[in-house]
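>>> the following block contains a protein sequence and its predicted model.
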Amino acid sequence: MIINLISDTVTKPSPAMLEAMIQAEVGDDVFKEDPSVNQLQEKAARLFGKEAALFCPSGTMTNQIAIKTHTVPLDEVICDEYSHIYQYETGGYSFNAGVAINLIKGEHGKITAPQVEAAIKPLYDWLPKSKLVVLENTCNKGGGSFYTLDEIRPIHELCKAKGLRHHLDGARLFNALVETGESTLEVGTLFDSISICLSKGLGAPVGSLLIGDADFIAEARRFRKVMGGGMRQAGFLAAAGIYALDHNIDRLKIDNDRAKILGEVLQDLPFIENIRPIKTNILIFDVLAPYTAASFLEKLNSFGILASPFGPQTVRFTLHLDISEEMLARVIELLESPKNW
Ligand SMILES: *Cc1c(COP(=O)(O)O)cnc(C)c1O
């Protein structure tokens, strides 16, 4: 039995999801004639109370298109130093949009309105122009930390007052919402644009959505095309996304709860320390010498457990819908057996 905790992106479509994909009605989406893509986009827009949405191959693309659409070259994006757009998108903000980035040292990937206010640059010829604030919810490198709407609201008010755009990298937004009980409609009122991933904990094989008002999405559509993201019979993939939104949101609570259970087990192990606060489905922790992240992962691999290195001594476990109760029990049993370590 291989137990893959590397990422919630490793999930494969369930038989029911595959059936929905096979049955999908499709057309050419570059001509806006794929009924399944149209249905998914309308559904996502409605979910967040926005006018429109755009189906893209990846969350990197939805974020990059958002940055490009909200800015012009020599503008600046303000975000936490842990942000995916800075850490894991190949420096695309500079390549695709020609913008600078202004990093804030937040707490577990979360920033505050006063920090954003202090980061906004005055208008001088020699400074980039602060234009866009990006929040990440949940924050991956922050250990799956999340913002409540009360924490986001002052940042949004500040953006409005200062004429800044506001984008949400919501790759794992639903992992946060199942904890807070807050609604997507409320989230929609606090951002100009929102990106969500269908291919993480929601279990679709491919796809992300960029959501915003009609003018923004019309422009975003042009940038999707120039990035090579205009797909033809993408409805087969959109059908998986529709299935994911209909069936796989509420169950994310299971993944979050299991992360906490696993965290309690890790807490008692003498060779593990500094477990980051466990808020959703991600666990980040350090291993102590003589272990390194590499040697610890090698040992786990020998038991059939796969996980991610997140630094020389740091490891990440991610819970997701392809981890069964039985797999979780096996991970716990292996970790708790002193003879293994
Ligand atoms: C996964 C992820 C993305 C997008 O990733 P893709 O692999 O390009 O779909 C964006 N932001 C965050 C926070 C992520 O975790």
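That came through fine.

>>> could you find the residue in the stretch 201-341 of the chain that comes nearest to the ligand?
Proximity of the stretch 201-341 of the chain to the ligand (Cβ to the nearest ligand atom) peaks at S208, 5.5 Å away. All C-beta atoms are positioned from the backbone trio N, CA, C, and that covers glycine.

>>> and that residue, bridged to which residues?
Per DSSP bridges, the residues bridged to S208 are C56, C197.

>>> correct me if wrong: it contacts I65.
No - judged on Cβ atoms under 8 Å, S208 makes no contact with I65 at a distance of 9.9 Å.

>>> what residues do the two have in common as contacts?
Counting by Cβ atoms under 8 Å, 6 or more residues apart in numbering, the residues touching both S208 and I65 are C56.

>>> show me which of the two is the more surrounded one.
I65 (29 against 25; other Cβ atoms under 10 Å).

>>> tell me the contacts of that one?
L54, C56, L210, A220, F223, R224, M227, G229.

>>> what strand or helix carries it?
Assigned by DSSP states H and E, I65 belongs to helix 59-70.

>>> give me the mean pLDDT for that helix.
Averaging pLDDT along helix 59-70 yields 98.

>>> residue in the chain nearest to the ligand?
Distance from the ligand to each residue of the chain (Cβ to the nearest ligand atom) is smallest for G59, at 2.4 Å.

>>> and that residue, how many neighbours?
Count around G59 with other Cβ under 10 Å applied: 27.

>>> and F95, by the same measure?
F95 has 10 nearby residues by other Cβ under 10 Å.

>>> ok, now V265?
So V265, with other Cβ under 10 Å, has 15 neighbours.

>>> that one: which element?
Secondary structure (DSSP H and E) places V265 in helix 252-267.

>>> any idea which helix or strand comes after that helix?
Moving toward the C-terminus from helix 252-267, the next element (DSSP H and E) is strand 272-273.

>>> next SSE downstream of that following strand?
Going down the chain from strand 272-273, the next helix or strand is strand 282-287, by DSSP H and E.

>>> by contact count, what packs against that next one?
Strand 282-287 is packed against helix 252-267, strand 272-273, strand 314-318, with contacts defined by 3 or more Cβ pairs under 8 Å, 6 or more residues apart in numbering; DSSP states H and E.
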